[in-house]
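Trainee: 3D, please:
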Amino acid sequence: MTIPVHIVYRDIERTEAIDTYIRKHVDKLESHAEHVVSCHVALEAPHRHKLHGRHYRVRIDLAVPGAELVVDRCPDGGREHEDAYAAIDDAFDHALRRVGEHARRTREGRR
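Mentor: Residues are numbered from 1 along each chain as shown. Below is the predicted model:
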């Protein structure tokens, strides 16, 4: 089953390369967590920092049976979010952990 993906860009131009990169991460997420119902990804470049340049913010909303999981990776950290691809990697790594934690809590709740 393929997860329906909705990608939104704010203050950044949409590119086919970033779309493909995000969809690759969603496919990986689906292979590890087959119970994800939908995925909404927002990529934005909210402002330009004086010293560090443009930082990217990634928000992922995942719908799973019985819950909605939100991953919001903000650019307040250091230089790791200056690259859009690195910010996407970080957000999806965190999303994968959140889905795993949710699955574990659900299994423990059934016992």
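
Trainee: Show me the shaky parts of this structure.
Mentor: For the chain, applying pLDDT under 70 flags the ranges 1, 47-53, 75-81, 110-111.

Trainee: all strands of it, in order?
Mentor: Along the chain, counting by DSSP state E, strands occupy 5-10, 38-44, 48-49, 53-54, 57-64, 67-73.

Trainee: Tabulate these (CSV), appending mean neighbour count.
Mentor: In this view, the C-beta of every residue, glycine as well, is placed from N, C-alpha and C. As requested, the strands of the chain are exported to CSV (neighbours: other Cβ atoms under 10 Å):
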stretch, mean neighbour count
strand 5-10, 13
strand 38-44, 19
strand 48-49, 11
strand 53-54, 14
strand 57-64, 20
strand 67-73, 15
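
Trainee: Put together TSV for these, with distance to residue 30 on each row.
Mentor: Shown next, in TSV, are the strands of the chain (distance: least, Cβ to Cβ, whole Å):
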stretch	distance to residue 30
strand 5-10	10
strand 38-44	9
strand 48-49	34
strand 53-54	30
strand 57-64	11
strand 67-73	14
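
Trainee: Sounds good, over and out.
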